[in-house]
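A.B. asks: I would like to see how this sequence folds:
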Amino acid sequence: MSDDDSNMIDEYQLISPIATGSTTQVWEVQEGGPGGRTLAMKLMLANVPDKAAAKATLRMEAAVGKTLDHPNIIRNEKLVIGRDHSYLLMEYFRAVNVKLQIKGEPAALQSRIAKYIEGTCQAMAHLHQKGWIHRDFKPENVLMNRAGEVKLIDFSLAMHPPGALSKLMGGGSVKVIQGTRMYLAPETILKRTLSFQTDMYSYGVTLFEIVTGGKMPFQGSTPQELLQKHIAMEPPMASSLNPNVTPEMDRVIQKLMAKKPQNRYKDFQEINSELRRIRIFKEDVVPKALDNEKLSEEAKIIETLGEVQVDSRADVLRQQMIRDNPELGARHAAELERRKQAKAKKAAAAQAPQTRPGSPPPTAQRPQPAGGMPPQSLPPGMMPPGAMPQNPYAPSPYGPPGNLPPNAYPPGMTPAAMVPPGMVPPGMVPPGMMPPGSVPPGMLPPGSMPPGSMPPGSMPPGSMPQPGIPPQGAPRPAQPGFPAQMPRPAGSAAPIPNAPPAGVSMPSQNPPMAGRPPQAMPPKPPGPGQVPPRPSAPHPTARGSGSSDDDLEVMTELPDVI
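C.D. replies: Numbers count the residues shown, from 1 in each chain. Predicted structure coming up:
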């Protein structure tokens, strides 16, 4: 037998499972194979212990469906009860049940709550008009798509309310509690006579769950505790769990969940009119923009795999898709692992120190001057943004040139390599300038006397001082409006106007013109009685052909002027 034959039930091909219950499983099927109509098949499981009861339930649901004809109620197609297969064919409505939407997208569902209320109230009103009590109203039994279209499903527990004669004779009471504990009305738990108001209690619990984003009015550690709260405890206000719920909505839910059926609404038309009149939320709920808005339903189910575990159409479909398609499961596992690694990498990058490629470690950075910003290491020839070239011979907060700490430069860098283009490294003499302490040709060194001259304060032999005229070098007397000149101590240097501070050399009086190489000044011929100057030796800081920056001496201060 081929695989196609194994996936066929009569003339219907099984496509994918939708939901699984205790006795039945709902499938998406195609009538007559590919190209035929798409339907939903409620198929009785083969391993059901009581097949007779399961078949009776299918017959009951088919009988209820025959009497119903409403756009908000799922439509029945055909019932088949056979020896090998028993199933009920229904209209196929492609949508996720409301329970899954509460767990996955509560804000999106709240934004469409008006359409949910309209569709469910109309469906329940039609069901009651046909004389049926649903008895199992809950979010799992309501399908709703993104357009707001609603379909009510599952009438397996539906029953007619007892008539007047039955009530008079004491009949019509529930013998077996059936339904879902979270939504059971007190009269169902107490096995009392049911009415159309029984569905209203379950409807109120569902509204409470929707407006609070998935919270239930009652919870218990045991089933008995939960049922006891339904009987004796008043439900909390929905606004206590969601402050956006209006007081008017609180009153509607409280009336729907009244302990006594006669204190609830008359019918669902009244409920619909009341909910139309009031404002449900104080502020309109705007769902978050979802990246999967344009994805198909199957893609969204795969994306949320493992996040929602409910016995619903989507949960069963996820499990079946992974089971039938191992490659799809492997892709999903790989995607989860990729997201995990990307998250770990992002967290590690956020904790790692932010350093640029090629920058020195923090211990190799230049020390920070007092009151300044910490210097940044830059490649050779580059300067920080907004910085101006500085005179390498100007006073520096780091001390005289050449006295920087050993870790002031990046590894492998020298002071000369750190100087921007166009600047002179520390210890070097700019073109056109004289080394510190040297004397230009034709000039006498400081403190020396020309031949034949006399020291200050002395007189030629045989000369006499003239009265009223102080000898040379003696302090002059004070004159009106001028301070007296104080005598200088012996051996002190005479003050030189506008003299540079120690450690700074004076620029040349004749700087070279732009575009011309620097030219040395020709020596002046000696005057009468002068001694020709001796050629001066090169300064120890002058660059030689075979010298290097590491071998050069650095003069830290100028000699005193004598």
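A.B. asks: find the nearest non-adjacent residue to Ser86, please.
C.D. replies: Met44 (4.3 Å; C-beta to C-beta, 6 or more residues apart in numbering). To be clear about C-beta, it is placed using only N, CA and C from the backbone, and glycine gets the same treatment.
A.B. asks: please apply the same query to Ala258.
C.D. replies: Arg264 (5.1 Å).
A.B. asks: what pLDDT does the model give the spatially closest residue to Pro186 that is not a sequence neighbour?
C.D. replies: In this structure, Pro186 finds its nearest non-sequential neighbour in Ile231, 4.8 Å apart by C-beta to C-beta, 6+ apart. As predicted, Ile231 sits at a pLDDT of 95.
A.B. asks: again with the one 4 residues further on
C.D. replies: As summarised for this prediction, Pro235 has a pLDDT of 96.
A.B. asks: also Arg146?
C.D. replies: 90.
A.B. asks: quick one, what contacts it?
C.D. replies: For Arg146, no contacting residues are found, by C-beta atoms under 8 Å, 6 or more residues apart in numbering.
A.B. asks: so it, which of the three states?
C.D. replies: Secondary structure assignment for Arg146 (DSSP: H, G, I helix; E, B strand; the rest coil): coil.
A.B. asks: measure it to Ser16 for me?
C.D. replies: 20 Å (C-beta to C-beta, to the nearest Å).
A.B. asks: and what of Gln101?
C.D. replies: 20 Å.
A.B. asks: tell me which of the two has more neighbours.
C.D. replies: Gln101 (24 against 14; other C-beta atoms under 10 Å).
A.B. asks: next SSE downstream of the strand or helix carrying the more buried one?
C.D. replies: Per DSSP states H and E, Gln101 falls inside helix 98-104. Next helix or strand after helix 98-104 toward the C-terminus (DSSP H and E): helix 106-111.
A.B. asks: list the contacts of the helix or strand following that following helix.
C.D. replies: The helix or strand immediately downstream of helix 106-111 is helix 113-129, counting by DSSP H and E. Outside helix 113-129, the residues within contact range by C-beta under 8 Å, 6+ apart are 68, 70, 72-73, 98, 109, 134, 137, 142, 144, 148-152, 158, 196, 199, 203, 207, 210-211, 267-269, 271-272, 275, 280.
A.B. asks: could I get the buried residue list for helix 113-129?
C.D. replies: For helix 113-129, the neighbour count (16 or more other C-beta atoms under 10 Å) marks 113, 116-128 as buried.
A.B. asks: ok, now stretch 87-107?
C.D. replies: 87-92, 95-106.
A.B. asks: got a pLDDT number for the nearest residue to Asn272 once chain neighbours are set aside?
C.D. replies: Closest residue to Asn272 apart from its sequence neighbours, by C-beta to C-beta, 6+ apart: Cys121 at 3.7 Å. Note on Cys121: pLDDT of 98.
A.B. asks: same check on Met383?
C.D. replies: Met383 is given a pLDDT of 58.
A.B. asks: go on, Ser239?
C.D. replies: 97.
A.B. asks: any idea how far Asn7 is from the residue nearest to it when sequence neighbours are not counted?
C.D. replies: Ranked by C-beta to C-beta, 6+ apart and with sequence neighbours excluded, the top spatial neighbour of Ser239 is Val245, at 4.2 Å. According to C-beta to C-beta, Val245 and Asn7 sit 48 Å apart.
A.B. asks: go on, Asn76?
C.D. replies: Relative to Asn7, and taking C-beta to C-beta, Asn76 is found at 23 Å.
A.B. asks: more crowded one of the two?
C.D. replies: Counted by other C-beta under 10 Å, Asn76 and Asn7 do not tie: Asn76 has more neighbours, with 21 against 13.
A.B. asks: neighbours around the closest residue to the more buried one other than its chain neighbours, how many?
C.D. replies: Leaving out its chain neighbours, the residue that sits closest to Asn76 by C-beta to C-beta, 6+ apart is Gly65, at 3.3 Å. Gly65 has 21 neighbouring residues, counting by other C-beta under 10 Å.
A.B. asks: state the helix or strand in which Gly65 lies.
C.D. replies: helix 51-67.
A.B. asks: if you count neighbours, what's buried in that helix?
C.D. replies: Neighbour count says helix 51-67 has Ala54, Lys55, Thr57, Leu58, Glu61, Ala62, Val64, Gly65 buried, by 16+ other C-beta under 10 Å.
A.B. asks: repeat for stretch 246-253
C.D. replies: Thr246, Met249, Asp250, Val252, Ile253.
A.B. asks: can you check stretch 180-198 too?
C.D. replies: Buried-residue list, stretch 180-198, by 16+ other C-beta under 10 Å: 182-189, 193-198.
A.B. asks: determine which two of those are furthest apart.
C.D. replies: In the buried residues of stretch 180-198, the most distant members under the criterion C-beta to C-beta are Met182 and Thr193, with 22.3 Å between them.
A.B. asks: quick one, helices of the stretch 151-300 of the chain?
C.D. replies: 164-168, 186-189, 196-211, 223-232, 247-256, 268-277, 297-303 (DSSP state H, counting those that start in this stretch).
A.B. asks: most neighbours per residue, which of the ones you listed?
C.D. replies: Sort the helices of the stretch 151-300 of the chain by mean neighbour count, taking mean count of other C-beta atoms under 10 Å, and helix 196-211 sits at the top with a mean of 24.
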